[in-house]
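K.L.:
Give the three-dimensional model of this entry:
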Amino acid sequence: MEQVWIRSIAIDDQALLQVEPTLPPSRDLRFVYRSATGVTWNEKAGTLHPVNGSGSMS
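P.N.:
Reported below is the predicted structural model:
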């Protein structure tokens with residue numbers, strides 16, 4: 001399993017956790033959903049977030 005440094009962690013306006021990894025511009029994590037980790041990649045924001053809002057505090 002590859003390890004990646006985390007640039008930032010935040011809660012968005014929908015109370016969802018957003019994790020921004022430190023990646024080179026040529027890389028992204030768009031296929032992370034295949035690992036069944038409960039997260040998906042937000043291409044627009046460049047962040048990871050829970051699938052279907054799982055883990056939301058609302």
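K.L.:
Convert the C-alpha atoms of stretch 11-25 to CSV, please.
P.N.:
Output in CSV follows, covering the C-alpha atoms of stretch 11-25 (Å, rounded to 0.1, in the frame of the first residue of the first chain):
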residue,chain,number,x,y,z
ILE,A,11,-14.9,20.0,7.4
ASP,A,12,-16.8,21.3,4.4
ASP,A,13,-20.1,23.3,4.4
GLN,A,14,-22.1,20.0,4.3
ALA,A,15,-20.3,18.8,7.5
LEU,A,16,-18.2,16.2,5.6
LEU,A,17,-14.6,15.5,6.3
GLN,A,18,-12.3,16.6,3.4
VAL,A,19,-8.7,15.3,3.4
GLU,A,20,-6.2,16.9,0.9
PRO,A,21,-3.2,14.7,0.1
THR,A,22,0.1,16.0,-1.0
LEU,A,23,0.4,14.7,-4.6
PRO,A,24,2.3,15.9,-7.7
PRO,A,25,0.1,17.7,-10.3
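K.L.:
Any idea how far it is from the middle of the chain?
P.N.:
5 Å (CA atoms, centre = their mean, to the nearest Å).
K.L.:
Could I get the average pLDDT for that stretch?
P.N.:
Average pLDDT, stretch 11-25: 86.
K.L.:
Would you mind listing the buried residues in that stretch?
P.N.:
16-19, 21 (16 or more other CB atoms under 10 Å). No exception for glycine: its C-beta is placed from N, CA and C like everyone else's.
K.L.:
Mind checking which of the residues you listed are in strands?
P.N.:
The strands in this structure, assigned by DSSP state E, contain 17-19, 21 from the buried residues of stretch 11-25.
K.L.:
Right, I'll call it a day here.
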